[in-house]
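> Next one to model:
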Amino acid sequence: MSRRRRALGDLVHCLRGVPVALPDWAPVLAIANEHLLTPTLWTALSDSGQAAALPADARDYLATLHRLNGDRNRALRRQAIELIGALNAKGIVPALLKGGLTLFDGPYADPATRMMRDLDILVPNGSRGDAIAVLGRLGYRLAQPYAVGHHAYGDFARPNDPGSVDLHIELVDPSHVLSAAEVWDRAEPKEVAGETGGVRYLAPCATDRIMHNLLHAQIHYLGNFYRGELQVQQVYELVALARHLGPAVDWSFVQQRLRAHHLTVALESYLLAAHRLFGLEWPLSKPPGLAAHVNYLRCDVQFGTRPLQWIGIPWGNLRGALAWHRMHALHGDVGGPLRWRCRHLLQYLRKKGIGATLDRLLRVQ
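Predicted structure coming up:
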């Protein structure tokens, strides 16, 4: 077993509250840092009573990062409330997504547990212009615009804020799998106290929160499922969400929706990771198939073997770009998978050229 895989196993034991005695915490901390789980690790060690037994340097490091992340999350919460209130004043009730939603609606009892890069805010497409104007009045500037057709308009930043605002129109790039329109229909109205009264936002329903986590971790952007990459923080959050939301999650809907888009293996292998790593009780009506076991094994092996990970990137990028659900969404029912993919490759080559095509195949981030 490689050092990285051993460190991952030790980290998982700590996160599950299993006692561990390690002479060297550096590899565990390295994995925790890489996967944005360092404050989570401190929370788990404190809850299980293991924090006091840590070496002094590791204990101080984890405690400090946990405290600073708590300060940052409280500032992000205030930032979110200010923005939501300003949007409400313009007649917009936004939806909060991912980390931004965890600041208000679980699944973490400790507000310092989760690390996040930004605030993800979803607004109706017809309200995008008004939302951008609100951000401008609050002092935000567009720091990173996204290409036309992207699921989000761009990242907005403001000096001295702890995080930027990622303004979404859709939840994920493959919106044909989970569209904003249906998420709006199923969303739950919420209210939280602000400086001038209650501010109103929408929270995706329990099932859509699970779906968004899964699609974001496995299919969206780089397509970790196709590349055989394991995002430990996302898996940990899936388990936390599943336990927090309980029977409100309609797993049969999740299963049917993913099956309809030929994504059953992506679903099962992700849930298999959640079961193997963090003990999630299997939520589907049938056990995982052979392909899911093979994909999870690939993720496990690649995690500890960097050369294999690099070798798998071009093949994973190609599989993700030509995935059945993407080709069907683009080309419809006429022609079939082989024809879809040949047509798509030829169109891409004509439009972008060989150089851009190779860059896309070799893309790491």
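
> got a pLDDT number for the residue nearest to residue 361 when sequence neighbours are not counted?
In space, and not counting its chain neighbours, residue 361 is closest to residue 314: 4.7 Å by CB to CB, 6 or more residues apart in numbering. Bear in mind the C-beta positions are built from the backbone N, C-alpha and C, glycine included. In this model, residue 314 is scored at 87, pLDDT.

> and if you look at residue 353?
Note on residue 353: pLDDT of 84.

> Tell me which helix or strand it sits in.
Assessed by DSSP states H and E, residue 353 sits inside helix 337-361.

> Can you point out the buried residues in that helix?
Buried residues in helix 337-361, counted by 16 or more other CB atoms under 10 Å: 340, 341, 344.

> Helices of the stretch 151-300 of the chain, start to end?
Under the criterion DSSP state H, counting those that start in this stretch, the stretch 151-300 of the chain contains helices at 180-186, 206-218, 224-227, 232-245, 251-260, 264-278, 290-304.

> So which of these is nearest residue 34?
helix 232-245 (8.5 Å; CB to CB).

> just the CA coordinates of that closest one, formatted as CSV?
Provided in CSV are the C-alpha atoms of helix 232-245 (Å, rounded to 0.1, in the frame of the first residue of the first chain):
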residue,chain,number,x,y,z
VAL,A,232,-12.9,12.9,-0.5
GLN,A,233,-14.6,16.1,0.8
GLN,A,234,-17.5,15.7,-1.6
VAL,A,235,-17.9,12.1,-0.6
TYR,A,236,-17.8,13.1,3.1
GLU,A,237,-20.4,15.8,2.5
LEU,A,238,-22.7,13.3,0.6
VAL,A,239,-22.7,11.1,3.7
ALA,A,240,-23.3,14.0,6.0
LEU,A,241,-26.2,15.2,3.8
ALA,A,242,-27.7,11.7,3.5
ARG,A,243,-27.7,11.3,7.3
HIS,A,244,-28.9,14.8,8.0
LEU,A,245,-31.8,14.7,5.4
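
> Could I get the full set of strands for the stretch 1-150 of the chain?
Assigned by DSSP state E, counting those that start in this stretch, the stretch 1-150 of the chain shows strands spanning 95-97, 118-122, 141-145.

> Okay, buried residues for the shortest one please.
For strand 95-97, the buried set under the neighbour-count rule, 16+ other CB under 10 Å, comprises 95, 96, 97.

> hmm, back to that, for the helix holding residue 353, packing partners?
helix 306-321, helix 324-331 (3 or more CB pairs under 8 Å, 6 or more residues apart in numbering; DSSP states H and E).

> Kindly reformat the ones you listed as JSON lines containing mean neighbour count and distance to residue 43.
Formatted as JSON lines, the helices and strands packed on helix 337-361 follow (neighbours: other CB atoms under 10 Å; distance: least, CB to CB, whole Å):
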{"stretch": "helix 306-321", "mean neighbour count": "16", "distance to residue 43": "29"}
{"stretch": "helix 324-331", "mean neighbour count": "16", "distance to residue 43": "36"}
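
> comparing those helices, which gets the lowest mean pLDDT score?
In terms of average pLDDT, helix 306-321 trails the rest of those, at a mean of 83.

> quick one, the lengthiest helix in the chain and strand 118-122 angle?
Ranked by residue count and defined by DSSP state H, the top helix of the chain is helix 56-89. Counting by axes from the mean of the first three to the mean of the last three CA atoms, to 10 degrees, helix 56-89 lies at 30 degrees to strand 118-122.
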